[in-house]
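Student: Generate a structure from the sequence data that follows.
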Amino acid sequence: MSGLVVFIILVALIFDFINGFHDAANSIATVVSTRVLSPMQAVAWAALFNFIAAFGFGVSVATTIGKGVVHPEAINEYVIMAGLLGAIAWDLITWYYGIPSSSSHALIGGLTGAALISAGVSALIPAGIYKVLLFLVLSPLLGLVLGFGIMVVVIRLFWRARPGRVDILFRRLQLVSAALYSLGHGTNDAQKTMGIIAGLLFASGYLGREFYVPTWVILSAHAAIALGTMAGGWRIVKTMGMRITKLKPVGGFCAETAGAATLIFTAIAGIPVSTTHTITGAIAGVGATTRLSAVRWGVARQIVWAWILTIPLSAAIAAALFVLIKLLYL
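Tutor: Below is the predicted model of the structure:
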């Protein structure tokens with residue numbers, strides 16, 4: 001394996017680490033804001049299930065990323081390097097300002113931006129791009145609807161129960177829902193890095209004639225995202241867990257369960273969605289069951305703007321980096 005390919009694999013794993021660091025809030029914001037776990041306990045719990053996700057949900061999302069968004073023949077080492085660096089740059093910018101943007105869409109934006117500059121519009125696969133854009137809208141809506149629906153069901157089931165007993169029960173149940181959400185987060189987001197690495201190996205001729213994801217790539221990607229989650233991302237935790245709406249353990253359980261259901265379904269279906277979008281929608285859906293004014297829609301609007309800008313801005317950064325890399329190395 002060439003030194004350049006090894007270097008790009010390391011960059012991809014660094015992106016995966018930053019993805020976990022950046023998106024730790026998605027897994028732990030609700031369980032921290034409801035004070036079910038301390039921040040350190042929460043990140044350890046989430047990281048454990050991020051890694052366990054390597055053993056049960058396949059590689060459908062990785063296949064979509066590896067050969068479903070950009071034509072494999074348009075991918076080379078420099079396209080992937082520029083795409084990764086563009087995504088990393090956008091993740092760090094949004095982390096610094098505490099904005100819960102999507103690492104997934106930053107990666108897709110970076111890859112498409114670099115591929116466009118390298119090979120033109122023909123490098124892109126329209127069906128794959130449409131799927132990503134469709135679920136950019138649908139994933140938060142699914143989270144919102146499921147969060148609202150699960151919360152309504154729980155309210156109906158426990159409306160006569162004493163608040164203290166409900167709180168104790170859902171503090172325990174939130175450990176389960178947080179674990180399920182971390183499984184969904186791990187399988188969906190780690191697979192995106194797997195897809196990038198497998199695409200690089202395939203384009204470089206190291207996988208032979210058939211595209212597949214080697215076992216060592218699967219384990220490396222899940223280890224990197226788990227370590228990133230362990231490192232935390234406290235600026236975004238505050239936004240996700242405390243600024244959108246005020247949550248109690250029962251609300252945290254419903255939001256995490258809704259998010260987990262959405263992420264696991266889309267991972268099995270091979271659809272790369274944003275864990276950030278999904279859990280934000282679920283939290284807003286839970287908050288809306290109290291009253292619409294319980295959701296701080298101004299904060300939600302700022303987050304939506306970050307979602308809209310993520311793909312084009314990460315694509316622009318990656319395109320500029322590709323030009324720079326081309327000048328330096330080609």
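
Student: Tell me which helix or strand comes right after the helix or strand encompassing residue 154.
Tutor: Counting by DSSP states H and E, the element that carries residue 154 is helix 126-158. Per DSSP H and E, the first helix or strand lying C-terminal to helix 126-158 is helix 163-203.

Student: tell me the angle of that following helix relative to helix 126-158?
Tutor: If you take axes from the mean of the first three to the mean of the last three Cα atoms, to 10 degrees, helix 163-203 sits at 170 degrees to helix 126-158.

Student: got any ranges where the stretch 1-150 of the chain has weak pLDDT?
Tutor: 23-27, 29-30, 100 (pLDDT under 70).

Student: re earlier: so what secondary structure elements neighbour the helix holding residue 154?
Tutor: Counting contacts by 3 or more Cβ pairs under 8 Å, 6 or more residues apart in numbering; DSSP states H and E, helix 126-158 packs against helix 103-119, helix 249-269, helix 275-288, helix 297-329. Any C-beta I mention is one placed from the backbone N, CA and C, and that applies to glycine too.

Student: Go through stretch 128-139 and flag the buried ones.
Tutor: 128, 129, 131, 132, 135, 136, 138, 139 (16 or more other Cβ atoms under 10 Å).

Student: how many other residues sit next to residue 10?
Tutor: When neighbours are defined as other Cβ atoms under 10 Å, residue 10 has 10 of them.

Student: ok so, going back, out of the helices and strands packed on helix 126-158, which is the most enclosed?
Tutor: helix 275-288 (a mean of 29; mean count of other Cβ atoms under 10 Å).

Student: What mean pLDDT does that one get?
Tutor: Averaging pLDDT along helix 275-288 gives 83.

Student: and the angle for it with helix 249-269?
Tutor: Going by the same axes, to 10 degrees, helix 275-288 is angled at 140 degrees with respect to helix 249-269.

Student: re the thing from before, now, which of the buried residues of stretch 128-139 sits nearest residue 101?
Tutor: For the buried residues of stretch 128-139, the minimum distance to residue 101 (Cβ to Cβ) is 11.6 Å, reached by residue 136.
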